[in-house]
Structure formats: structure tokens, C-alpha cells
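Novice: pasted the sequence and its predicted model underneath.
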Amino acid sequence: MKPFTNLLKTLTFLGTLILTGCALAHRPSAQPTPDAYPDAYAQMITRPIWQTLRINQHVIDAEVADKEESRTLGLMYRTSMPENHGMVFVYPSARKITMWMKNTRLALDVAFLTAEGNIINIETMRPESLDYHSARQPAMYSLEMNAGWFKNHGVLPGTRIYGLPDYHKAQN
């Protein structure tokens with residue numbers, strides 16, 4: 001009787017393992033993938049912090065990217081951005097900033113800024129492009145806006161942007 005009991009326990013144990021494994025194998029992932037749920041993925045990775053910026057008489061609502069993860073993700077996977085909205089990238093120290101558009105579906109312009117908020121240069125970036133776009137000198141900030149925004153609003157290199165987040169709080 002003892003060998004039969006041991007066999008029954010063993011079969012019950014193996015059956016439980018198999019059923020548990022099958023249930024786990026078919027369980028949907030708790031985290032969306034970028035391709036399947038682009039907006040959910042972007043929202044999951046970044047918990048948006050907003051900053052109101054002023055450029056001449058224009059008011060910008062800018063999402064703040066002040067951590068390595070949020071700067072790396074940037075505006076990837078977004079399918080639209082409202083007029084007068086952008087993303088400001090904040091760095092903890094002045095550096096040669098270089099950007100590209102991998103997995104970025106929006107056409108964007110980027111302005112590279114000094115610690116005081118003066119625009120160094122503005123570059124136009126094509127969606128999904130792997131071309132590099134760089135600041136012409138070390139910068140503390142970059143501001144991405146919809147393509148054409150700076151030109152359409154008469155904003156040129158040398159223009160000052162007010163209301164930038166404190167770069168001392170940015171993380172590497």
C-alpha cells in the first residue's frame with residue numbers, strides 16, 4: 001500500500017507542477033511592450049512632471065526629462081504632441097548633448113540651451129532617423145518641440161527661455 005501512496009503523491013505533485021506551469025505560460029505580461037501599447041509604455045516608464053516655459057511672448061507646457069531613464073526614452077513611441085507642448089531634457093552638468101530619433105514617430109526640432117536658458121543652436125530631426133543632432137557647445141538643457149515650431153514663432157539662436165527646471169536636481 002505504501003508504494004501506491006507514494007506514487008499517488010508523486011503523480012499529484014507532478015500534475016500540480018504541470019498545471020501551474022501551463023497557467024503561468026499563458027498569463028499575459030504585466031508590462032506592455034512598446035510596439036503593442038506605445039502610449040501606455042511611455043506613460044509607464046515616465047511619470048510626467050510638467051514645467052511652464054516662456055519664450056518671448058509664447059507659453060510652453062514642457063514635460064520634464066531630468067533622469068537618465070526619462071532622457072533616454074524621450075518622446076519615443078508617441079504618436080502626437082499638442083501645439084505649444086514639448087519636452088525639456090535637463091542635465092546635471094554642461095555637456096556635449098547629442099540626440100537621435102530612434103523609435104520616435106514625431107517630426108521634431110530640438111533647441112540646445114545654456115545653463116542660463118539661451119538657445120545655442122536649433123536642429124530639425126526626422127522621424128525614426130538615426131542621424132545625430134548635437135549641441136555646438138556644452139549645454140545644460142535641450143528642448144524638443146514639434147517640427148517647425150521655433151521657425152514659425154520667430155525663435156532663433158540667442159533667444160532666452162525662461163522657467164527652466166533647476167538642473168541641480170537632475171540625475172545622471
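Specialist: The structure has been received and is ready for your questions.

Novice: could you pull out the strands for the protein?
Specialist: Ranges of strands in the chain, per DSSP state E, are 50-55, 58-65, 85-95, 98-99, 108-113, 119-125, 133-134, 139-146, 161-162.

Novice: export the ones you listed to a markdown table and tack on mean neighbour count?
Specialist: Heads up, the C-betas are built off the backbone N, CA and C, glycines and all. Output for the strands of the chain, formatted as a markdown table (neighbours: other Cβ atoms under 10 Å):
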| stretch | mean neighbour count |
| --- | --- |
| strand 50-55 | 16 |
| strand 58-65 | 18 |
| strand 85-95 | 19 |
| strand 98-99 | 16 |
| strand 108-113 | 26 |
| strand 119-125 | 18 |
| strand 133-134 | 18 |
| strand 139-146 | 24 |
| strand 161-162 | 17 |
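
Novice: can you tell me which of those is nearest to residue 153?
Specialist: Of all the strands of the chain, the one in closest proximity to residue 153, counting by Cβ to Cβ, is strand 58-65 (5.6 Å).

Novice: ok so, going back, the strands of the chain into a markdown table, with extra columns for distance to residue 171 and mean pLDDT?
Specialist: A markdown table is the format used below for the strands of the chain (distance: least, Cβ to Cβ, whole Å; pLDDT from 0 to 100):
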| stretch | distance to residue 171 | mean pLDDT |
| --- | --- | --- |
| strand 50-55 | 16 | 96 |
| strand 58-65 | 11 | 96 |
| strand 85-95 | 7 | 96 |
| strand 98-99 | 18 | 96 |
| strand 108-113 | 18 | 98 |
| strand 119-125 | 23 | 98 |
| strand 133-134 | 22 | 98 |
| strand 139-146 | 14 | 98 |
| strand 161-162 | 21 | 98 |
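
Novice: can I get the ones you listed in a markdown table with distance to residue 168?
Specialist: Formatted as a markdown table, the strands of the chain follow (distance: least, Cβ to Cβ, whole Å):
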| stretch | distance to residue 168 |
| --- | --- |
| strand 50-55 | 15 |
| strand 58-65 | 14 |
| strand 85-95 | 7 |
| strand 98-99 | 22 |
| strand 108-113 | 16 |
| strand 119-125 | 20 |
| strand 133-134 | 24 |
| strand 139-146 | 10 |
| strand 161-162 | 17 |
